[in-house]
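> What follows is a predicted structure for the sequence shown.
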Amino acid sequence: MTAYISLGMIRERLFVATAPAAFSLRGFGSFVSSGFAGMFVGTLLFSWISDRFGRRTTFTVSLLWYSVATLVMAFMRSAAAIDLWRFLAGIGIGVQLVTIDAYISELSPAHRRGYWIAFSQFIGYVAIPVAAFLAYLLVPRTIAGLAGWRYVALFGAAGALFVGWFRRGLPESARWLSARAGAGHGIAHAWRRIWSRDYRSRTAMLVVFNLVQTIGFYGFASWVPILVASQGIGFVKSLLYTFLIAILNPLGPLLAMRFADSWQRKWQIVWLAIVIALAGLLFSRARAPASIVLFGTIITLANAWFSCAFHAYQAELYPTRIRAQAIGFVYSWSRFSSIFAGFLIAWLLHYYGVPGVFVGIALAMAVAAGSVGLFGTTTNRLELEELAPA
C-alpha cells in the first residue's frame, strides 16, 4: 500500500516527495520510515511471542493489531498522526511476518518447503496489483469529502473482519507443540542459542544481509510511483505505469514456486540480487514508456522472487524452539535499515536524481549477494532438524 498511496498523500499536502532536511516529518520518507520503525520494534522486541504462545494465536492477534491501527490511520489529518499510527501498524506487520515464516516452514515437508513459502507470498502479492488498481481508481478523486488514498487504506484494514474465520481454520504447528514441551524455553535461552558457536556465523551473515537488502528491495517497491514521476511522467500516467508494473507482482512468487526447491536457495538469493542491481541501473536511464515498464517489471519480478527465497532461507537456519525469536532478531535489522532507507532514497533523489537512487540500490544489493554467496550454507531438501539441531 505504501507506494500506491504516496502521490495521494503528497497531493493532499500532508507530505512532500523530498525534503532538504534529512529527517523532516514533511518528507514522504518519514511515512515510509515510520512503518519500518514499527516493524523493527515488532520483529526485535516481540517475535518471542510466537515462540511462547504459538504460531496460530500470534498470527491472528498481530493481524487484528495491524488492521485496527491502519483503520485509525486512514482518518488522521496530520503527518505526525499518520506516522504514529503507521508505526503502530508496523509492529503488527513485523510480528506477523516472523510468525508466517516460522509457521509455514514447520508445516511443510522438506522437499516442498520453499514452494509453500513462495505460495504464501503469491497470495500476499496478489494484493499489490489490487492496491495499485484501487489507487489508480481512487487516489485522483475525493469522495464524500475524503481523499481517495484514505479509501485505499481502509481496504487495507479489512483483515480485521476475517480474524475469527482465519483462527477457526488454522492448526497449531506440531513442531512448535513438541518443542514447547521441552526444557529451556525462554527469551534468555533463545538469545544465548542465537549467538552460540553453532549459529553465530549464520546470525552474523543474516544481520549483514538484512541490513542492506531492504535498501534495494524497498528502495524501489516503496518509491516506484515517485521515481516514475521524477522521470518527467505526469501524475495520472505515473499511476497507470505503476499499475502496469504492479499487476505482474504475483508472477514473481510463481517463478519462485517453480524453482524454489530445485535450485539452491543460497544461489537464488545471490543471482536475484545481481539482477535487481543491473535492472535498476537500466531503469534509471529509461525515458520511453515501454522501457520504464519493462525494467520496472524486471525489478518487480526479481524482488518478489528474491523475497520468497530469503524468507524461506532464514527460517531454515534455526531450531524450532527459538525459530521465531531468531528470525525476528536477524530480520529486525532489515527493518532498522529501512527506517533510514526512506530518508536515504529521498536524499539521493533530491540531490542526484533517479540515477543516484539506483546506484545506491546496486551497491546495497552487491553487499547482499556477497554476504550470502561467501558465508551462506545450502539448505534445499534437508529436514529442519538436520539444518538446525535443537
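Cool, the structure landed. All values derive from a computational prediction rather than experimental measurement. Residues are numbered from 1 along each chain as shown.
> by contact count, what packs against the helix ranked longest in the chain?
Secondary structure of the chain per DSSP state H: the longest helix is helix 323-375. Helix 323-375 makes packing contacts with helix 28-46, helix 48-53, helix 79-107, helix 187-194, helix 200-221, helix 224-229, helix 265-285, helix 289-315 when contacts are defined by 3 or more Cβ pairs under 8 Å, 6 or more residues apart in numbering; DSSP states H and E. The C-beta positions use only the backbone N, C-alpha and C, and glycine is treated the same way.
> mean pLDDT lowest for which of those helices?
Ranked by mean pLDDT, the helices and strands packed on helix 323-375 bottom out at helix 224-229, with a mean of 70.
> how distant is it from the center of its chain?
Between the centre of helix 224-229 and the centre of its chain there are 19 Å (Cα atoms, centre = their mean, to the nearest Å).
> what angle do the longest helix of the chain and helix 289-315 make?
110 degrees (axes from the mean of the first three to the mean of the last three Cα atoms, to 10 degrees).
> Turn the helices and strands packed on helix 323-375 into JSON lines, including distance to L248.
Shown next, in JSON lines, are the helices and strands packed on helix 323-375 (distance: least, Cβ to Cβ, whole Å):
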{"stretch": "helix 28-46", "distance to L248": "23"}
{"stretch": "helix 48-53", "distance to L248": "32"}
{"stretch": "helix 79-107", "distance to L248": "23"}
{"stretch": "helix 187-194", "distance to L248": "37"}
{"stretch": "helix 200-221", "distance to L248": "13"}
{"stretch": "helix 224-229", "distance to L248": "12"}
{"stretch": "helix 265-285", "distance to L248": "13"}
{"stretch": "helix 289-315", "distance to L248": "5"}
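> out of the ones you listed, nearest to W176?
W176 lies closest to helix 79-107 among the helices and strands packed on helix 323-375, at 6.2 Å (Cβ to Cβ).
> Can you mark which positions in the closest one are buried?
Neighbour counts over helix 79-107 (16 or more other Cβ atoms under 10 Å) mark 79, 82-107 as buried.
> And the helices and strands packed on helix 323-375: which comes nearest A157?
Closest to A157 of the helices and strands packed on helix 323-375, according to Cβ to Cβ: helix 79-107, at 8.8 Å.
> who touches the next helix or strand after that closest one?
Where DSSP states H and E defines the elements, the next helix or strand beyond helix 79-107 is helix 113-125. By Cβ atoms under 8 Å, 6 or more residues apart in numbering, the residues outside helix 113-125 that reach it are 100-101, 104-105, 107-108, 249-250, 252-254, 256-257, 260-261, 265, 304, 307-309, 311-312, 315-316, 380.
> quick one: pLDDT of F155?
At F155, the model reports a pLDDT of 91.
> again, but for R175
93.
> same thing with the one 10 residues further on?
At H185 the predicted local distance difference test score is 57.
> repeat for P140
Turning to P140, the model gives it a pLDDT of 89.
> Count the neighbours of it for me.
Using other Cβ atoms under 10 Å, P140 has 16 other residues around it.
> helix or strand for L14, which one?
Counting by DSSP H and E, L14 is part of no helix or strand.
> Show the contacting residues for it.
Taking Cβ under 8 Å, 6+ apart as the criterion, L14 is in contact with S78, A79, I82.
> With distance to R113 as added columns, please give the residues you listed in a markdown table.
Shown next, in a markdown table, are the contacts of L14 (distance: Cβ to Cβ, whole Å):
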| residue | distance to R113 |
| --- | --- |
| S78 | 45 |
| A79 | 42 |
| I82 | 38 |
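> which of those lies closest to S173?
I82 (35.8 Å).
> For that closest one, which non-adjacent residue is spatially closest?
Using Cβ to Cβ, 6 or more residues apart in numbering and skipping the chain neighbours, the partner closest in space to I82 is M76 (4.6 Å).
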